[in-house]
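Undergrad: Provided below are the primary sequence and the corresponding predicted coordinates.
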Amino acid sequence: MNEITVRAYAKINLFLTVTGTETVRGKILHALDTVMCSVNIADDVRAVKRPDGEVRVFFDGEQVENSNAGKAAEAMRDMFGLPGADFYVTRRIPSGAGLGGSSADAAGVINAYRIMYGVNASEPEIKRIAFSVGSDVPYMLSGGLCRLTGTGENVTKIDADVKGKILLCGRGKVDTYACFLNFDALNRQVKPSADEFSDSLKTGKIDPYNALEAAAEKIEPNIKIIRETMRENGLKAAMTGSGAYVFGLGGDEELVRAKTALRNRGYESEIINIVNNGCETL
């Protein structure tokens with residue numbers, strides 16, 4: 001196998017709260033309790049073998065020196081003594097949107113590298129490499145409906161059948177670091193855990209929640225406008241992750257009505273679907 005293409009899906013946070021801070025690799029990170037699911041917006045990662053030990057990453061045809069995808073490639077090569085590879089990423093997941101684009105690219109690189117060279121490694125080994133790149137990357141390797149606690153290293157599958165369509169809309173970008181700085185400055189009171197929300201998934205009564213919304217809205221005011229427009233038209237809506245995008249859940253009639261209302265206010269949106277996996281080989 002001289003080359004392989006892996007599709008890496010985006011995620012949304014159905015629920016997100018902040019539980020404190022933890023020190024990881026000498027850095028103080030916010031600890032979260034969050035429920036994620038995969039959605040059918042995806043980047044494609046094509047890996048091509050090289051005869052030497054060099055790894056290169058190209059985004060939409062342009063070589064990029066510093067990225068999570070590049071860090072993932074170097075970590076895989078160094079850990080398992082692999083030959084080199086070129087990785088060509090076709091991007092469809094918007095950056096700064098809270099959809100996990102850079103983490104998806106890293107997960108796509110790890111999966112492509114592993115499959116292309118037939119790496120015989122345990123799941124914990126692969127996840128350790130993923131976590132060394134970014135907190136969301138272990139989840140993005142397999143995706144689906146999961147609860148993540150701490151700084152992302154604790155991933156638990158949720159046994160619930162969550163399906164359906166989602167209205168997704170956003171404008172601009174939100175920097176994650178700046179968002180958490182705002183969150184700390186606001187000293188927000190947040191819900192303690194996702195226990196109750198996880199239970200509600202089994203009944204189909206999903207009411208999304210994100211403790212970072214007020215912090216992100218100070219950076220990108222469109223978040224509040226989009227969220228309130230969705231809610232005014234019958235959707236359960238919340239921001240995803242720490243980014244600039246908002247999603248809405250509801251029936252077909254409400255989705256179309258909210259999409260029309262957003263368009264009338266100058267916002268383009270799209271109706272997407274929940275999927276069950278984070279990466280797949282094409």
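TA: Cool, the structure landed.
Undergrad: Which residue, other than its chain neighbours, is closest to Gly98?
TA: Gly243 (2.4 Å; C-beta to C-beta, 6 or more residues apart in numbering). No exception for glycine: its C-beta is placed from N, CA and C like everyone else's.
Undergrad: Pull up the gap between the one you found and Ala178, please.
TA: 11 Å (C-beta to C-beta, to the nearest Å).
Undergrad: Same check on Ile28?
TA: 16 Å.
Undergrad: Look at those two and report which has more neighbours.
TA: Neighbours per residue (other C-beta atoms under 10 Å) separate Ile28 from Ala178, with Ala178 holding more: 14 against 8.
Undergrad: The more buried one belongs to a helix, doesn't it?
TA: Yes: assignment of Ala178 by DSSP: H, G, I helix; E, B strand; the rest coil places it within a helix.
Undergrad: just to revisit the earlier point, which stretch of helix or strand covers the residue nearest to Gly98?
TA: Following DSSP states H and E, there is no helix or strand that holds Gly243.
Undergrad: Could you list the low-pLDDT ranges of the stretch 1-150 of the chain?
TA: Within the stretch 1-150 of the chain, the segments meeting pLDDT under 70 span 23-26.
Undergrad: could you redo the last one with a cut-off of 80?
TA: Residues of the stretch 1-150 of the chain meeting the criterion pLDDT under 80: 20-29.
Undergrad: What segments of it are strands?
TA: Counting by DSSP state E, counting those that start in this stretch, one finds strands in the stretch 1-150 of the chain at the ranges 3-24, 27-49, 55-59, 62-63, 85-90, 146-150.
Undergrad: Distance to Glu268 added to these, as JSON lines?
TA: JSON lines is the format used below for these (distance: least, C-beta to C-beta, whole Å):
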{"stretch": "strand 3-24", "distance to Glu268": "17"}
{"stretch": "strand 27-49", "distance to Glu268": "14"}
{"stretch": "strand 55-59", "distance to Glu268": "23"}
{"stretch": "strand 62-63", "distance to Glu268": "25"}
{"stretch": "strand 85-90", "distance to Glu268": "21"}
{"stretch": "strand 146-150", "distance to Glu268": "29"}
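Undergrad: what's the following helix or strand after the strand or helix carrying Lys259?
TA: Element membership for Lys259 (DSSP H and E) is helix 252-264. Where DSSP H and E defines the elements, the next helix or strand beyond helix 252-264 is strand 269-275.
Undergrad: Tabulate the CA atom coordinates of that next one in CSV.
TA: Coordinates of each C-alpha in strand 269-275 appear next as CSV, following Å, rounded to 0.1, in the frame of the first residue of the first chain:
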residue,chain,number,x,y,z
SER,A,269,-26.3,28.0,7.5
GLU,A,270,-26.4,24.3,6.6
ILE,A,271,-28.3,21.2,7.8
ILE,A,272,-25.9,18.4,8.6
ASN,A,273,-26.2,14.9,10.2
ILE,A,274,-24.8,13.1,13.2
VAL,A,275,-22.5,10.2,12.3
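Undergrad: Next, the buried residues of it.
TA: Ser269, Ile272, Ile274, Val275 (16 or more other C-beta atoms under 10 Å).
Undergrad: Ok, stretch 175-193 next?
TA: Counting neighbours by 16+ other C-beta under 10 Å, stretch 175-193 gives Cys179, Phe180, Asn182, Phe183, Lys191 as buried.
Undergrad: these two touch, right, Ala215 and Asn187?
TA: No: using C-beta atoms under 8 Å, Ala215 makes no contact with Asn187, being 10.6 Å away.
Undergrad: in the protein, what residue sits furthest out from the centroid?
TA: Pro51 (32.8 Å; C-alpha atoms, centre = their mean).
Undergrad: measure that one to Val275 for me?
TA: For Pro51 relative to Val275 (C-beta to C-beta), the value is 36 Å.
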